[in-house]
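Colleague: coords please:
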Amino acid sequence: MAKTKPGRKDLDSYTIRGTNKVVRPGDCVLMRPSESDKPPYVARVEKIEADHRNNVKVRVRWYYRPEESAGGRRQFHGAKELFLSDHYDVQSAHTIEGKCVVHTFKNYTKLENVGAEDYFYRFEYKAATGGFTPDGVAVYCKCEMPYNPDDLMVQCEGCKDWFHPSCMGMTIEDAKKLDRFLCSDCSPNEHANRSLNHFPVSPSIETKVEPKRRKR
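Modeller: I've put the predicted structure just below:
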């Protein structure tokens, strides 16, 4: 943890202006973007401190959205996906607009309902180099793409791989009616996929005062 400078004191918490929401170190927050038409920045609060005039500052670790990264947004990136970066900053606490929760990918896929405040990350991002950790993840389907939790997938009873309905020549409506599915490699005939009621639907995930994020 960074040392507190002379004349400043560490705070255990900060109440977001105009609300009763309390932010503590370790919480994830939404911060006012530099441009009003942009979505809020997302950051993890590492430290809260006040100076002798009681101006409150927060040391944060930024999360990047896919479109803010060097590679941009890809097909497999979820709508609520973020990257935990190695980019730290100090910002006025007054730029905090609200709180949110950034889940691990595994925990996010277990949510029964995804709220506006729910996000997830599965990669750490090096802002200076554009590199990712891990640099590879499991891929699925004939398209060999990583799992996007926003997309419905069906599991083959034969090979146990997961497939996008569109990659298998089905509509999502068709896929939702399946009770049993065999991919083209495992199916002895085209009647092997029976339309009934239910089926597994996704892979199990085991495996400032506008703040301006400074480029490095």
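
Colleague: Bridged to Ser85, which residues?
Modeller: Per DSSP bridges, the residues bridged to Ser85 are Tyr125.

Colleague: so it sits right up against Tyr125, yeah?
Modeller: Yes. Ser85 lies in contact with Tyr125 (CB atoms under 8 Å); the separation is 4.6 Å. Where C-beta positions appear, they are placed from N, C-alpha and C, glycine not excepted.

Colleague: Can you pull the residues that touch both of the two?
Modeller: Both Ser85 and Tyr125 are in contact with Tyr64, where contact means CB atoms under 8 Å, 6 or more residues apart in numbering.

Colleague: What are the structural domain limits within the protein?
Modeller: Annotated domains of the chain cover 9-133, 154-195 [automatic domain parsing].

Colleague: Return the member of those domains having the minimum mean pLDDT.
Modeller: Comparing mean pLDDT across the domains of the chain, the weakest is domain 154-195, with a mean of 82.

Colleague: Run the chain-centre distance for it.
Modeller: Here domain 154-195 is found 28 Å from its chain centre; the criterion is CA atoms, centre = their mean, to the nearest Å.

Colleague: give me phi/psi at Glu35?
Modeller: Main-chain dihedrals, Glu35, degrees, to the nearest 10: phi -120, psi 130.

Colleague: do the same with Val58
Modeller: When read as degrees, to the nearest 10, the backbone of Val58 gives phi -120, psi 130.

Colleague: Bridged to it, which residues?
Modeller: Ile48, Gln91.

Colleague: give me the number of residues near it?
Modeller: 26 (other CB atoms under 10 Å).

Colleague: And it, how close does it get to Pro25?
Modeller: Counting by CB to CB, to the nearest Å, the gap from Val58 to Pro25 is 9 Å.

Colleague: Need the overlap of contacts for the two.
Modeller: Joint contacts of Val58 and Pro25 (CB under 8 Å, 6+ apart) are 45-48.

Colleague: just those residues now: which is nearest Ala70?
Modeller: Glu46 (23.7 Å; CB to CB).

Colleague: Confirm that the closest one sits in a strand.
Modeller: Yes. Assessed by DSSP: H, G, I helix; E, B strand; the rest coil, Glu46 belongs to a strand.

Colleague: my guess is it meets Lys57, correct?
Modeller: No. Counting by CB under 8 Å, Glu46 does not reach Lys57; the two are 11.3 Å apart.

Colleague: Now do the helices in the chain.
Modeller: Ranges of helices within the chain are 105-109, 172-176, based on DSSP state H.

Colleague: Tell me the buried residues in the first one?
Modeller: Buried residues in helix 105-109, counting neighbours by 16 or more other CB atoms under 10 Å, are found at 105, 108-109.

Colleague: try stretch 163-171
Modeller: Quick answer for stretch 163-171 (16+ other CB under 10 Å): 163-165, 168, 170.

Colleague: That concludes my questions; thank you for your assistance.
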